[in-house]
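**Student:** Sequence isn't available, so here's the structure alone:
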């Protein structure tokens, strides 16, 4: 099991294989593998994905601490939108990136 392997690695104990961390930020991939809609059951989907893929450590586009549904911000095929503050944001997994400022100068203090 990945969890046990990760704990052994943290304690500098020998493991059958080198533990690694995985970044998975594609809700459609998660649903394909688990059969669970990440937007409807985020915690259940993530835990099932970790189990199926035998992951040691995984993180995604959002930290999931409950099974409360996640608001779907994009429809299939969309990759950018203007948020309620008027900023351009880009799809990142089930969430978005931070504010994107294209074409603006970088100012140094």
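**Tutor:** Okay, I see it. Everything numeric here is computed off the predicted structure, so don't read it as measured data. Residues are numbered from 1 along each chain as shown.
**Student:** helices or strands up against the top strand by length along the chain?
**Tutor:** Ranked by residue count, the top strand of the chain under DSSP state E comes out as strand 88-92. Applying 3 or more CB pairs under 8 Å, 6 or more residues apart in numbering; DSSP states H and E, we find strand 88-92 packed against strand 80-82. From N, CA and C alone the C-beta is placed, and that goes for glycine too.
**Student:** Flag every buried residue along the strand it packs on.
**Tutor:** Using 16 or more other CB atoms under 10 Å as the burial criterion, none of the residues of strand 80-82 qualify.
**Student:** Make 725 the first number, not 1, from now on.
**Tutor:** OK, 725 is where the count begins now, so the last one is strand 804-806.
**Student:** List the neighbouring strands of it plus their orientation.
**Tutor:** Within its sheet, and counting by DSSP bridges, strand 804-806 is paired with strand 812-816 (antiparallel).
**Student:** and stretch 753-767, how far apart are its ends?
**Tutor:** For stretch 753-767, the first and last residues are 15 Å from each other (CA to CA, to the nearest Å).
**Student:** tell me which residues in it are buried?
**Tutor:** 754-755, 758, 760-763, 765-766.
**Student:** Same check on stretch 739-747?
**Tutor:** residue 743.
**Student:** how far does that stretch stretch from start to finish?
**Tutor:** 21 Å.
**Student:** from the chain's centre, how far out does that stretch sit?
**Tutor:** 18 Å (CA atoms, centre = their mean, to the nearest Å).
**Student:** hmm, back to that, what's the mean pLDDT across the longest strand of the chain?
**Tutor:** On average, the pLDDT along strand 812-816 is 80.
**Student:** Out of the buried residues of stretch 753-767, which comes closest to residue 740?
**Tutor:** residue 758 (24.6 Å; CB to CB).
**Student:** Pairing partners for the helix or strand following the longest strand of the chain, with directions?
**Tutor:** For strand 812-816, the succeeding helix or strand toward the C-terminus, using DSSP states H and E, is strand 819-820. Here strand 819-820 has these sheet partners by DSSP bridges: strand 812-816 (antiparallel).
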